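> any chance you could fold what I've pasted below:
(one chain, ligands or ions: 1)
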Amino acid sequence: MSKATNHSGANQHHRPIPARKDVVRAEKLQAGYAGKAVCGVVSFSLHSSQSLALVGPNGAGKSTVVKTVVGQLEAVSGTTLINGNEVDDRTLDFRREVAVVFDDDAFFPALTVEEHLAIVCAGHGVDEVEDVISAELEFFGLSALAKSRPYNLSSGQRRRMLLAAAFVRPRSLLVLDEPEQRLDTSMRHKLAARLRAEVDSGLALLVVTHDPEFLITVATKALFIADTIHAMTPGRAAEAIASENPHAD
Ligand SMILES: Nc1ncnc2c1ncn2[C@@H]1O[C@H](COP(=O)(O)OP(=O)(O)OP(=O)(O)O)[C@@H](O)[C@H]1O
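Next up is the predicted model:
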């Protein structure tokens, strides 16, 4: 049998990174607006095959932290390195490696669902575009809506389209802000299982979530974001968000 044969069946879109190499390293990061931090000082490292969940109450600063990590907001202080480089979301290297799903309005209103995915593929040099798009449309239950425009979709269907756009492209780091929002239970479970499988085969995942069950499936570690930052196991973090108490035992 050829040594080159791939027995894993793993998704081939994200390129493997040598084990234990930092994909993200945030050091003494203060995230906020107009020079004022919204939460405690955040330090963490994230390797390939690791998934860090950020949890905490509404307004705690989770979205602000992840937007700062990926360079969409300027840090109040501290540094973030992605794959060893300072973050610059305008560079080709950054865009090749980092896929982000934040806002529900991040789509082209005039394009159909499949045109939207095709543009994302074209921008990232994806091969076998038709097959890739068709697989993601099927996974996200959008095949029958491929020719619909975003404003003719339900909010959950739009969320599925935005997630599909992250999955059609290459990525070594995936950053998701509350991906479970507006998804029905079956899609939430399917997405969680897929994310976990991709993490197990090399993806680094940074995810904000309020869903304890989703967190338990997906995360390998967690940070509770508040005025001070608590590092937690996923199990402890799930208990904390279920009880809204970071010190839950
Ligand atoms: N553009 C902005 N300018 C100034 N302050 C902001 C801005 N966006 C958010 N904030 C404030 O920053 C704080 C943290 O908000 P953030 O959205 O990061 O919280 P979060 O933990 O993600 O909350 P949620 O769970 O509700 O999504 C809040 O007090 C919020 O009011």
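
> residues of this protein that sit close to the ligand?
33, 38, 56, 58-64 (CB under 6 Å from any ligand atom). For glycine as for every other residue, the C-beta is placed from the backbone atoms N, C-alpha and C.

> switch the cut-off to 8 Å
31-34, 38-39, 54, 56-65, 67, 177-178, 208, 210, 225 (CB under 8 Å from any ligand atom).

> buried ones among those residues?
31-32, 38-39, 54, 56, 60-65, 67, 177-178, 208, 210, 225 (16 or more other CB atoms under 10 Å).

> so which of those are in strands?
Within these, residues falling in strands by DSSP state E are 32, 54, 177, 208.

> quick check: residue 238 touching residue 215?
Yes - assessed by CB atoms under 8 Å, residue 238 is found in contact with residue 215 at 5.1 Å.

> avg pLDDT for the helix of greatest length in the chain?
Secondary structure assigned by DSSP state H gives helix 185-200 as the longest helix of the chain. When pLDDT is averaged over helix 185-200, the result is 97.

> got it, and stretch 80-100?
Here the average pLDDT along stretch 80-100 is 88.

> that one: how far from the chain's middle?
14 Å (CA atoms, centre = their mean, to the nearest Å).

> and for that stretch, what are the contacting residues?
17, 21-27, 29, 68-72, 79, 123-124, 166-167, 169-176 (CB atoms under 8 Å, 6 or more residues apart in numbering).

> could you tell me which of those belong to helices?
Short answer: the contacts of stretch 80-100 in helices (DSSP H) are 68-69, 123, 166-167.

> so this protein: which segments form each domain?
20-83+172-244, 105-170 (automatic domain parsing).

> comparing the ones you listed, which comes out most buried?
domain 20-83+172-244 (a mean of 19; mean count of other CB atoms under 10 Å).

> spell out, range by range, the strands that occur in the protein.
Going by DSSP E, the chain shows strands at 22-30, 32-33, 36-37, 42-47, 51-55, 77-82, 85-86, 98-101, 173-177, 204-208, 221-224, 230-232.

> would you tell me which of those gets closest to residue 156?
Of all these, strand 98-101 sits nearest to residue 156, with 14.0 Å by CB to CB.

> so residue 139 touches residue 195, yeah?
No - using CB under 8 Å, residue 139 is not in contact with residue 195, being 12.0 Å away.

> so which bits of the worst-scoring helix or strand of the chain on mean pLDDT are buried?
Ranking every helix and strand in the chain by mean pLDDT, DSSP states H and E puts helix 92-97 at the bottom, with a mean of 83. Neighbour-count burial for helix 92-97 flags 94-97 (criterion: 16+ other CB under 10 Å).

> and residue 35, how far from residue 65?
To residue 65, residue 35 is 16 Å away according to CB to CB, to the nearest Å.

> now do residue 244
Separation of residue 244 from residue 65 (CB to CB): 19 Å.

> and for residue 85?
Counting by CB to CB, the gap from residue 85 to residue 65 is 19 Å.

> related to what we said a few turns ago, packing partners for the longest helix of the chain?
strand 51-55, helix 155-167, strand 204-208, helix 212-218 (3 or more CB pairs under 8 Å, 6 or more residues apart in numbering; DSSP states H and E).

> can you put those in a markdown table and add distance to residue 103 and mean pLDDT?
Converted to a markdown table, the helices and strands packed on helix 185-200 look like this (distance: least, CB to CB, whole Å; pLDDT from 0 to 100):
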| stretch | distance to residue 103 | mean pLDDT |
| --- | --- | --- |
| strand 51-55 | 17 | 98 |
| helix 155-167 | 8 | 95 |
| strand 204-208 | 13 | 98 |
| helix 212-218 | 19 | 96 |
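
> can you list those in TSV and add distance to residue 232?
Below are those laid out as TSV (distance: least, CB to CB, whole Å):
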stretch	distance to residue 232
strand 51-55	8
helix 155-167	26
strand 204-208	14
helix 212-218	10
